[in-house]
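S.K.: Next one to model:
(one chain, ligands or ions: 1)
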Amino acid sequence: FVSPSATSCSLPSSFRMPSTSTQALFMAKSKTKKKKPAASSGGLKGFGGSSKSSTKATAAAGSIDRSKAALKFYNYLERNGAEANLKRVGLGYFPLQIGPSEKDVIQLRGVIALRDIPKGEPIIEIPYEMAIDLGRESSDPTLPATSFLQKYCVWKCDSDGPPSDKERGDYFAMLPEYLSSDCLGSTDFFSDEALEMLQSPLIKEETLSRKDLVHLRYERDVETMAEMSSNLYRWSGEEVATESHLQWASWIITSRVLTVQGPPESGIANRLLIPLIDMCNHDRDSPHILTGRAMTGATLKVVAGVDVKAGDAINISYGGSVEGNDRFIQDYGFLDGGGSKERGKSEVAEAYKIVARKLTGRNRALTKLTVDDQERALEALKATTLEEDEEMLNSGKITNNDERAAIEFRIGMKKALAGLL
Ligand SMILES: C[S@@+](CC[C@H](N)C(=O)[O-])C[C@H]1O[C@@H](n2cnc3c(N)ncnc32)[C@H](O)[C@@H]1O
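M.R.: This next block holds a predicted model:
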């Protein structure tokens, strides 16, 4: 986590390759999701409960997505050389508990195994040519976001543009829409009140600094280009994409892009949007392995790290398993409640412990915070007690999702710190 005060542009650290990993491909970014159940999946039963799910968002068997949009997406995979995947996996919906009551269950879209897949075999294989290569790895998500937004607009408005961008329409149609509940989970879309309620000056500052980046990028690249050509960045009809659309596109980048190493010995890494692989949800305990290279002729794969059962969710671990909930709530828009497989229910999630270790200087290797940042962060959390926060969360008075998430974050932080201090 790089505090914005330490750098002029804040860097989502999940854009960087965890140097300790040997994998060539990493999930870049991540989020409290709410997905609508597939409109047409009603009545279509998924697999009967597999005894073992491969991950956490997977607790119950999923239902297969056979909506019109999903069927078009499967066709798109077929047309582009990825048809073999459809024998192994599809898209599915998985119930996800997001609150204490029985009603607090959402349906999270993800990837579901259609048959048993032995350990060591590929689960997903996507030709590199199918991925959208958004260029060299860097700290600024707004640059690939403009490139992505341009392509998305070509498809959305059927403007003049490369046929390859239009061919990707069946993929674009599956992406979380502008202002969908998924993207509203990211602090980029939090109200000022909710940002304050996080009791995290570091997240607040980084979020504001990301907004500045979007603003500058919009003025410099999007507005200017749209003025020069009536074809570029049309959002609908004559309406030009707005700064808020670019903010959404940046969230698409931070939540879905994978950083993938280029040819051996090139030393480069590129940011790729990889259809289907980008539909795998997060589970910190996922044993599955991402491999592949950003180069012509290569195949980008998710390889089974354990035997997979039909009906299992195919999840992967975002951010190289080293990111905490400070990153998750900004980049992916959800709070990661997962942890070690053995952890008891009452124990604090690993994603909070990671942040707590950073704030208390227990993890020197990962901590890039100054002592001043650490002190400011710890001080801010003292504004209310854990008991007060829990009371507020359970009072029924907090109805906005961003405010609920903010309180959940600070509760998790206080519990994690209490375990350390
Ligand atoms: C790479 S996408 C994964 C696929 C996504 N669910 C979809 O349907 O397109 C990442 C986004 O999925 C959601 N997500 C992934 N894992 C999650 C989890 N364990 N809990 C809640 N939301 C999750 C978040 O919205 C996140 O930003």
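S.K.: can we go C-alpha only for contacts and neighbour counts from here?
M.R.: OK.
S.K.: secondary structure element for Thr399?
M.R.: For Thr399, there is no enclosing helix or strand under DSSP states H and E.
S.K.: neighbours around it, how many?
M.R.: 10 (other C-alpha atoms under 10 Å).
S.K.: Quick check: end-to-end length of stretch 94-113?
M.R.: Using C-alpha to C-alpha, to the nearest Å, the end-to-end distance of stretch 94-113 comes to 12 Å.
S.K.: Pull out the buried positions in it.
M.R.: Neighbour-count burial for stretch 94-113 flags 94-98, 106-113 (criterion: 16 or more other C-alpha atoms under 10 Å).
S.K.: Check stretch 291-302 too.
M.R.: For stretch 291-302, by 16+ other C-alpha under 10 Å, it's Thr291, Gly292, Arg293, Ala294, Met295, Ala298, Thr299, Leu300, Lys301, Val302.
S.K.: Just give me the neighbour total for Pro176.
M.R.: Around Pro176 there are 14 residues (other C-alpha under 10 Å).
S.K.: how much space between it and the ligand?
M.R.: Note on Pro176: its distance to the ligand, by C-alpha to the nearest ligand atom, to the nearest Å, is 6 Å.
S.K.: In a strand, that residue, correct?
M.R.: No: Pro176 is assigned coil when assessed by DSSP: H, G, I helix; E, B strand; the rest coil, not a strand.
S.K.: residue contacts, it?
M.R.: Contact partners of Pro176, counting by C-alpha atoms under 8 Å, 6 or more residues apart in numbering, are Asp182, Cys183.
S.K.: Apply 7 Å and report the result again.
M.R.: Neighbour list for Pro176: Asp182 [criterion: C-alpha atoms under 7 Å, 6 or more residues apart in numbering].
S.K.: quick one on the thing from earlier: least trustworthy position among the buried residues of stretch 94-113, going by pLDDT?
M.R.: Across the buried residues of stretch 94-113, the bottom pLDDT score, 79, is held by Ile98.
S.K.: wait, doesn't it sit right on Phe334?
M.R.: No: judged on C-alpha atoms under 7 Å, Ile98 makes no contact with Phe334 at a distance of 9.9 Å.
S.K.: show me which of the buried residues of stretch 291-302 neighbour the ligand.
M.R.: When contact is defined as C-alpha under 6 Å from any ligand atom, the buried residues of stretch 291-302 do not meet the ligand at all.
S.K.: Quick check: of these, which lies closest to Val154?
M.R.: Ala294 (24.4 Å; C-alpha to C-alpha).
S.K.: what sits against the nearest residue to that closest one once chain neighbours are set aside?
M.R.: Of all residues beyond its chain neighbours, the one nearest Ala294 is Gly262 (4.5 Å), with distances taken as C-alpha to C-alpha, 6 or more residues apart in numbering. For Gly262, the contact set (C-alpha under 7 Å, 6+ apart) comprises Ile268, Ala269, Asn270, Arg293, Ala294, Met295.
S.K.: Turn these into TSV, columns for secondary structure and pLDDT.
M.R.: Below are these laid out as TSV (DSSP: H, G, I helix; E, B strand; the rest coil; pLDDT from 0 to 100):
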residue	secondary structure	pLDDT
Ile268	coil	95
Ala269	strand	96
Asn270	strand	97
Arg293	coil	97
Ala294	coil	97
Met295	coil	97
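S.K.: Looking at those residues, which is nearest the ligand?
M.R.: Checking these against the ligand with C-alpha to the nearest ligand atom, the nearest one is Asn270 at 16.6 Å.
S.K.: for the stretch 201-350 of the chain, what spans make up the strands?
M.R.: Listed in chain order, the strands of the stretch 201-350 of the chain (DSSP state E, counting those that start in this stretch) span 234-236, 239-240, 258-261, 269-273, 289-291, 299-303.
S.K.: what does the stretch 151-300 of the chain put close to the ligand?
M.R.: Near the ligand, when you scan the stretch 151-300 of the chain using C-alpha under 6 Å from any ligand atom, you find Leu175, Asp182, Ser255, Arg256, Asp278, Met279, Cys280, Asn281, His282, Asp283.
S.K.: Swap in 8 Å and give it another go.
M.R.: Within the stretch 151-300 of the chain, the residues that sit near the ligand (C-alpha under 8 Å from any ligand atom) are 174-176, 182-183, 185, 252, 255-257, 277-283.
S.K.: Could you tell me which of the residues you listed belong to helices?
M.R.: Among those, the residues falling in helices (DSSP state H) are Asp182, Cys183, Ile252, Ser255, Arg256.
S.K.: what number of residues lie near Pro162?
M.R.: Pro162: 11 neighbours (other C-alpha under 10 Å).
S.K.: the strands in the stretch 51-200 of the chain, which residues?
M.R.: Using DSSP E, counting those that start in this stretch, strands in the stretch 51-200 of the chain cover 63-64, 89-97, 105-113, 122-127, 132-136.
S.K.: any idea how far the third one is from the chain center?
M.R.: I take that to be strand 105-113. Chain-centre distance of strand 105-113: 14 Å, with C-alpha atoms, centre = their mean, to the nearest Å.
S.K.: Per-residue pLDDT of the residue nearest to Ala294, please?
M.R.: For Gly262, the model assigns a pLDDT of 97.
S.K.: try Ser8
M.R.: If you check Ser8, the pLDDT there is 23.
S.K.: Neighbours of Asp170, how many?
M.R.: So Asp170, with other C-alpha under 10 Å, has 19 neighbours.
S.K.: And it, how close does it get to Leu300?
M.R.: 20 Å.
S.K.: same deal with Ser180?
M.R.: 28 Å.
S.K.: next one: Leu216
M.R.: When C-alpha to C-alpha is the yardstick, Leu216 and Leu300 sit 34 Å from each other.
S.K.: what's the distance between Asp402 and Ser191?
M.R.: From Asp402 over to Ser191 (counting by C-alpha to C-alpha), the distance is 7 Å.
S.K.: Looking at those two, which has the bigger crowd around it?
M.R.: Each of Asp402 and Ser191 has its neighbours counted (other C-alpha under 10 Å); Asp402 has more, 24 against 14.
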